[in-house]
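> coordinates for the following, if possible.
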Amino acid sequence: MERPSRQRQQEQEAEKSSDERIACPECESTNVITDADQGELVCDDCGLVLDERQIDRGPEWRAFNHSERQSKSRVGAPITETMHDRGLTTTIDWKDKDAYGRSLSSEKRSQMHRLRKWQERIRTKDAGERNLQFALSEIDRMASALGVPRSVREVASVIYRRALNEDLIRGRSIEGVATSALYAACRQEGIPRSLDEVAEVSRVPQKEIGRTYRYISQELGLELKPVDPKQFVPRFASALGLSEEVQAKATEIIDVSAEQGLLSGKSPTGFAAAAIYAASLLCNEKKTQREVADVAQVTEVTIRNRYQEQIEAMGFR
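Numbering: from 1, shown residues only. Below is the predicted model:
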């Protein structure tokens, strides 16, 4: 399976190339848009209607809230990488009620119980599928604890499946590879979560996570940009109850420090924490080093060292 970021890039290029094949016969512009309300294909430059009465591929019914959409919809959920079977199998409801909402008889309940057990056995036919199911459930659990969006879970699941297909899990724990896949997904999607935070919700040591992460990212050729300390500023500042002025100042401090090459080899969370501490002093919203260190999960020594470097970079003594 291709890298998630590369896959999205190819999809965008495919969409772009399909648009470029349509050119306006009047002005030869390729800036053609679809008017969904009118069902027309229109040149955005000269206004010529290229096609009309296009097929509406949406539902024929109307709904005004979520419950109406749920009741009228006749299709299931979309395919997802976060489930071992990609969400294509059916499940038997545990509520033990018929189509009219009436409770089932004791004989029927026993029958449904047996069917559910067999259904679970059918869904995971072998040890490989059971291991994949466990790994994806671990990714979902950790992602929920970290509060990351669903897109990160999807990317992490794709990374884990790639590692499984290329036999990178042999000799490593399932939890370790699953955690590393989640951390790599956070990096790819630009979600600021440090290795310490990920290790906190995992069941494996941080050292193993770091080692496995380096291994799978190298073997799979994952395109991972360096972590930008500025990504951590809004979250840390919000947790400390600091104003937007402090956030802006902390961002400025990081930018000035980066221009002087001070970021190289430094912990992004420690650098962001020190910038917030310095900004809080400069904006008269003072926070102690201990308070900032607790939120950022770094030591006070780290904050002091980075703080001195940043103050010198800003021209203060």
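> the chain: helices as residue ranges?
Remark: helices assigned in the chain by DSSP state H are 4-20, 66-72, 106-123, 127-146, 150-165, 174-189, 195-201, 206-220, 233-240, 244-259, 268-282, 289-296, 300-313.
> same list (those) but as JSON lines, adding distance to Leu50.
To be clear about C-beta, it is placed using only N, CA and C from the backbone, and glycine gets the same treatment. Conversion of the helices of the chain to JSON lines gives the following (distance: least, CB to CB, whole Å):
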{"stretch": "helix 4-20", "distance to Leu50": "12"}
{"stretch": "helix 66-72", "distance to Leu50": "32"}
{"stretch": "helix 106-123", "distance to Leu50": "48"}
{"stretch": "helix 127-146", "distance to Leu50": "44"}
{"stretch": "helix 150-165", "distance to Leu50": "34"}
{"stretch": "helix 174-189", "distance to Leu50": "37"}
{"stretch": "helix 195-201", "distance to Leu50": "50"}
{"stretch": "helix 206-220", "distance to Leu50": "43"}
{"stretch": "helix 233-240", "distance to Leu50": "45"}
{"stretch": "helix 244-259", "distance to Leu50": "46"}
{"stretch": "helix 268-282", "distance to Leu50": "49"}
{"stretch": "helix 289-296", "distance to Leu50": "55"}
{"stretch": "helix 300-313", "distance to Leu50": "56"}
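> for Asp44, find the nearest of the ones you listed.
Closest to Asp44 of the helices of the chain is helix 4-20 (CB to CB; 11.2 Å).
> thinking again about what came up before, can you put the helices of the chain in JSON lines and add mean pLDDT and distance to Thr34?
Shown next, in JSON lines, are the helices of the chain (pLDDT from 0 to 100; distance: least, CB to CB, whole Å):
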{"stretch": "helix 4-20", "mean pLDDT": "48", "distance to Thr34": "10"}
{"stretch": "helix 66-72", "mean pLDDT": "68", "distance to Thr34": "23"}
{"stretch": "helix 106-123", "mean pLDDT": "82", "distance to Thr34": "40"}
{"stretch": "helix 127-146", "mean pLDDT": "88", "distance to Thr34": "35"}
{"stretch": "helix 150-165", "mean pLDDT": "92", "distance to Thr34": "25"}
{"stretch": "helix 174-189", "mean pLDDT": "93", "distance to Thr34": "29"}
{"stretch": "helix 195-201", "mean pLDDT": "91", "distance to Thr34": "42"}
{"stretch": "helix 206-220", "mean pLDDT": "93", "distance to Thr34": "37"}
{"stretch": "helix 233-240", "mean pLDDT": "90", "distance to Thr34": "36"}
{"stretch": "helix 244-259", "mean pLDDT": "91", "distance to Thr34": "39"}
{"stretch": "helix 268-282", "mean pLDDT": "92", "distance to Thr34": "42"}
{"stretch": "helix 289-296", "mean pLDDT": "92", "distance to Thr34": "47"}
{"stretch": "helix 300-313", "mean pLDDT": "90", "distance to Thr34": "50"}
